[in-house]
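Colleague: Structure for this input, please:
(one chain, ligands or ions: 3)
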Amino acid sequence: MDAYRYSALLTDLYELTMLAGYFEKGMHRQTAVFDLFFRRNPYQGGYAVFAGLQPALEYLSQLHFTAQDVAYLQNLGMFKPAFLDFLREFRFRGKVIAPPEGTIVFANEPLLTVEGELAEAQLVETALLNIINFQTLVATKAARIVSVAAPGVVVEFGLRRAHGPDGGLSEARAAYIGGARSTSNTWAGQVFGIPVKGTHAHSWVMAFPDELGAFRAYADCFPEQCILLVDTYDTLASGVPNAIIVARELRARGHEVKGIRLDSGDLAYLSKQARRMLDEAGFPDIKIVASSDLDETVIQSIRGEGGRVDIYGVGTQLATCGGEGGGALGGVYKLVRFDHQPKLKVTSDIAKATLPDRKKLWRAVLPDGGYVLDIICLEDEQPRPGATVFDPLNPSRSKKIPTEVNFEEVRQVVMRAGRILSPAPGLEVMADRCAVQMLRLPKGTTRLTNPHVYKVAMSAALHRLRSELMRKAQENQPGYRKG
Ligand SMILES: Nc1ncnc2c1ncn2[C@@H]1O[C@H](COP(=O)(O)OP(=O)(O)OP(=O)(O)O)[C@@H](O)[C@H]1O
Ligand SMILES: O=P(O)(O)OC[C@H]1O[C@H](OP(=O)(O)OP(=O)(O)O)[C@H](O)[C@@H]1O
Ligand SMILES: O=C(O)c1cccnc1
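Modeller: Ligands and ions are numbered 1, 2, ... in the order given. Next comes the predicted model:
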């Protein structure tokens, strides 16, 4: 898809200098495995929604340096001719393991694993983080908003406040995966097939001599999709009464006004009053749309006060991933195996020590389908009910896997030898997956504040391997003295 035709130069310079260095030292063909993961759930929440895989895979499968790319790098004066020749032939031929998009994931779990030659696996770090971090962050924000809005519907209105045109495009995609049902972004509608929806702006009302004339004109032009913005002058004194007049006139012509939109004031109070007025006038099916800097907290408050909003139009806060613990997802990409040896990033802070080697991610599931905990194992082991597993952040804490669970593997091989293994499912499939998995989480995990901490554990074998590598790494440091 053209929307994903990213340049090979979509990278940090240091990926290219490392690549040139590995090439010069003859290391570029050695095998490497990298894990992409994040260390903290976004928004101080209890989960994240994995998104961005399809664009990431499209990027990998199309990755090549054009003649212009190579000429640009040559002009930088940093790279030798033999390396530039290598870039001309460069393709990504690696293997990728990942969860399907819309999967609920948690901090410290390996999400994407990229395996290949050091050159290809290292080069793609920046682009993969750029794509996955942003889309996962937006999809998570959408899921949070949808979780408090339901059965109300969420429409994504963020394009005008999104971080640039490309941000607006991928944000609309990710918001849909997280549960937004439609977007105002027509380009996203065209590219991704997301349903497009909208009302009209205050400028429409202001461009007519009066509000009633503006509503009549809109109903005339769009008798089948008429949603009227009622807060330009006075919501309850003129906006809703005028909308009711137009709704009667339209009904006499065989059509129905579909909705009204509230865009300022106390949305709980106004929606209750508007609902009463519409019902009393014989229009119980006219929907109430609300917008005005909405986020999950405001929506929860509106609902808590008995607000009667049917559709929430959410723009700025969704598109820019606002709120505590939002803004950016701190996903990282770490080397876990190199030249046939497991690798570990050692640090005095155990919470930042990586999980070495090729791994599998398993989800322990109760007979009723509810999720219990996730277990990170070495590639060749299978978790067992009753086995003891360890907290990767504090391995002195351990717990037993409940005996009655089954295990679902969270990730699958999605790319081999640089080829995407199966065509991406539609975005609706990803959105359904997210909605279903949200319901399978333990109670409290989706709570906005102080959520239940879903357990992510490592197997005993992975714990042993990590401890052993840590010990060796410390002993091998020059100047290390056993304390
Ligand atoms: N019932 C509610 N509970 C919590 N927050 C609400 C409620 N109703 C509205 N809000 C929020 O209150 C804030 C203020 O809304 P209000 O429309 O009064 O001011 P405004 O947006 O600055 O007005 P204007 O649209 O005229 O600029 C908005 O961010 C809105 O999301
Ligand atoms: O509040 P958000 O969550 O960002 O949702 C999008 C906002 O964008 C529009 O306002 P804007 O003032 O840009 O234009 P308008 O004249 O249509 O109100 C719309 O009325 C919403 O309030
Ligand atoms: O269609 C709307 O009502 C809309 C679209 C974008 C931003 N705000 C509102």
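
Colleague: Next, Val96: secondary structure please.
Modeller: Of the three states, Val96 takes strand under DSSP: H, G, I helix; E, B strand; the rest coil.

Colleague: and the closest residue in space to it that isn't next to it in sequence, what helix or strand is that in?
Modeller: Closest residue to Val96 apart from its sequence neighbours, by CB to CB, 6 or more residues apart in numbering: Met415 at 3.8 Å. Placement of C-beta: from N, CA and C, glycine included. If you go by DSSP states H and E, Met415 is part of strand 412-416.

Colleague: which strands and helices sit next to that strand?
Modeller: helix 53-62, strand 95-98 (3 or more CB pairs under 8 Å, 6 or more residues apart in numbering; DSSP states H and E).

Colleague: give me that answer again for 6 Å
Modeller: strand 95-98 (3 or more CB pairs under 6 Å, 6 or more residues apart in numbering; DSSP states H and E).

Colleague: What are the buried residues along stretch 69-81?
Modeller: By 16 or more other CB atoms under 10 Å, the buried positions in stretch 69-81 come out as Asp69, Val70, Leu73, Phe79.

Colleague: follow-up on the earlier one: return the set of buried residues in the strand holding Met415.
Modeller: Across strand 412-416, burial judged by 16+ other CB under 10 Å covers Val414, Met415.

Colleague: you'd agree Met277 is in a strand?
Modeller: No: residue state for Met277 (three-state DSSP) corresponds to helix; a strand is not indicated.

Colleague: list the contacts for the residue nearest to it when sequence neighbours are not counted?
Modeller: Leaving aside its sequence neighbours, Met277 sits nearest to Val240 (CB to CB, 6+ apart; 5.1 Å). By CB atoms under 6 Å, 6 or more residues apart in numbering, Val240 lies in contact with Val230, Ala274, Met277.

Colleague: and with 8 Å instead?
Modeller: By CB atoms under 8 Å, 6 or more residues apart in numbering, the contact set of Val240 is Val230, Ile260, Gln273, Ala274, Met277, Leu278.

Colleague: ok so Phe407 is a helix residue?
Modeller: No: using three-state DSSP, the assignment for Phe407 is strand, not a helix.

Colleague: Bridged to the residue nearest to it when sequence neighbours are not counted, which residues?
Modeller: Spatial nearest neighbour of Phe407, excluding adjacent residues (CB to CB, 6+ apart): Trp362 at 4.6 Å. Beta-bridge partners of Trp362, counted by DSSP bridges, are Ile375, Glu409.

Colleague: and Trp362, what does it touch?
Modeller: Taking CB under 8 Å, 6+ apart as the test, what Trp362 contacts is Asp374, Ile375, Ile376, Cys377, Gln382, Pro383, Phe407, Glu408, Glu409, Val410.

Colleague: ok, these vs ligand 1, which is closest?
Modeller: Asp374 (35.0 Å; CB to the nearest ligand atom).

Colleague: That closest one contacts Leu361, correct?
Modeller: Yes: using CB atoms under 8 Å, Asp374 is in contact with Leu361, at 6.3 Å.

Colleague: Mutual contacts of those two, please.
Modeller: By CB under 8 Å, 6+ apart, Asp374 and Leu361 have these common neighbours: Glu109, Val410.

Colleague: about what we covered before: work out for me the element the residue nearest to Met277 sits within.
Modeller: Using DSSP H and E, Val240 falls within helix 240-252.

Colleague: got it, and Leu16?
Modeller: Per DSSP H and E: Leu16 is located in helix 13-24.
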